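Predicted model and sequence follow; I will ask about them next.
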Amino acid sequence: MAAERLRARVTARIGRLRIEADLDTGGGSLVLVGPNGAGKTTLLSLLLGIFPVERGRVEVGEAVLLDTAAGIDVPVEQRGIGYVPQDYALFPHLSVRENVAFAVRSDPSRRGRAASAEVVDAMLDDLGIAAHAHRRTQALSGGEKQRVALARALSVSPRALLLDEPLAALDVHSRREVRAFLSDYLRTLAIPTVVVTHDATDARLLGDRIAVLEAGRVTQTGTWEELSARPASPFVEEFVAPARSAGDAPPSRSADSA
Ligand SMILES: Nc1ncnc2c1ncn2[C@@H]1O[C@H](COP(=O)(O)OP(=O)(O)OP(=O)(O)O)[C@@H](O)[C@H]1O
């Protein structure tokens, strides 16, 4: 499903890290990769509005969320960007339903209690976790927690979705299963997504395109096939190498949908 584009051009200094990055999701899912400490999580925070930007512009479709030249800086709670952090940040003592309902209740656009309950039910159904609605999230598997975190982020109808290393907390078996689920599910979303990962298989299967962030700058953007054919840096060369040498890697999401 074609989505609006999230486009960002941001310059910022956070601690010792200088970020000068350009991102464009195109009409789909963009995977963000890069070495440890390159600034991937920090860049997501800049898009969310958590850290201040010195100069730049962030837009989703027609909605301008930041434009320092025009004095526009929409506050974090009004940006409408869904975010799933690496550790999911669920309330462990609350049920699945309560976790999602909490987000819906804090949505400024919600339309009353009955409508909120409907939204929660629809999200739990959509993500296949309705059967777990009354379980505490601390009792769930990693894959189930991931679905609750997604349900919570999507329950407020965000205009874009950011996932920070969505598979990092999972063991090898659930990782494969959750990756397959996410790859299919992200395709059904009509909003742009940015997915941070360290893993080449995730990068191939979770995004239409890949952006490489090194020392705060985007050094290459392209499909998996483009990065493999012409790696622009030693990091990219190493990142794509295992799949290239295996020769039998499954097709990327972009090749799949081409
Ligand atoms: N609030 C902060 N104040 C000061 N420095 C910070 C802050 N947040 C992050 N940093 C620093 O910015 C750099 C980039 O961190 P960040 O977590 O964004 O990188 P990353 O690419 O996501 O790394 P990883 O792949 O290891 O998760 C690191 O050196 C980190 O210590």
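Yes, it's here.

Return the residues of the stretch 1-150 of the chain in contact with the ligand.
Contact residues, the stretch 1-150 of the chain versus the ligand (C-beta under 6 Å from any ligand atom): Ile14, Gly15, Leu17, Gly34, Asn36, Gly37, Ala38, Gly39, Lys40, Thr41, Thr42. Quick note: C-beta positions are derived from backbone N, CA and C, even for glycine.

Considering those residues, which is situated nearest to the ligand?
Gly15 (2.4 Å; C-beta to the nearest ligand atom).

and the closest one, what pLDDT?
Among the per-residue scores, Gly15 shows a pLDDT of 91.

what's it in contact with, if anything?
Gly15 makes contact with no residue under the criterion C-beta atoms under 8 Å, 6 or more residues apart in numbering.

Asp208 versus the closest residue to the ligand within the stretch 51-200 of the chain, what's the distance?
Distance from the ligand to each residue of the stretch 51-200 of the chain (C-beta to the nearest ligand atom) is smallest for His198, at 6.2 Å. For His198, the distance to Asp208 under the criterion C-beta to C-beta, to the nearest Å works out to 19 Å.

And Ile19, by the same measure?
The value you get for Ile19 to Asp208, if C-beta to C-beta is used, is 23 Å.

element containing the nearest residue to Phe91 once chain neighbours are set aside?
In space, and not counting its chain neighbours, Phe91 is closest to Asn99: 5.6 Å by C-beta to C-beta, 6 or more residues apart in numbering. Element membership for Asn99, per DSSP states H and E: helix 96-105.

If we go by neighbour counts, what in that helix is buried?
Within helix 96-105, the residues that count as buried by 16 or more other C-beta atoms under 10 Å are Val96, Arg97, Glu98, Asn99, Val100, Ala101, Ala103, Val104.

list the helices and strands that helix packs on?
Using 3 or more C-beta pairs under 8 Å, 6 or more residues apart in numbering; DSSP states H and E as the contact criterion, the elements in contact with helix 96-105 are helix 113-126, helix 142-154.

what residue ranges in the stretch 51-200 of the chain score low on pLDDT?
Applying pLDDT under 70 to the predicted model, the residue ranges of the stretch 51-200 of the chain that meet it are 108-115.

ok so the residue of the stretch 51-200 of the chain closest to the ligand is a strand residue?
No - the assignment for His198, made by DSSP: H, G, I helix; E, B strand; the rest coil, is coil rather than a strand.

Wait, it touches Pro166, no?
No - His198 lies out of contact with Pro166 (C-beta atoms under 8 Å); the separation is 11.5 Å.

filter the residues of the stretch 1-150 of the chain next to the ligand to the buried ones?
The neighbour-count criterion (16+ other C-beta under 10 Å) marks Gly34, Ala38, Gly39, Lys40, Thr42 among those as buried.

longest single helix anywhere in this structure?
Longest helix in the chain by number of residues (criterion: DSSP state H): helix 172-188.

about what we covered before: among the buried residues of helix 96-105, which two are most distant?
Among those, the pair separated by the greatest distance (C-beta to C-beta) is Val96 and Val104, at 13.0 Å.

And Glu214, how close does it get to the ligand?
With the distance defined as C-beta to the nearest ligand atom, to the nearest Å, Glu214 ends up 9 Å from the ligand.

The longest helix of the chain to helix 142-154, inter-axis angle?
If you take axes from the mean of the first three to the mean of the last three C-alpha atoms, to 10 degrees, helix 172-188 sits at 30 degrees to helix 142-154.
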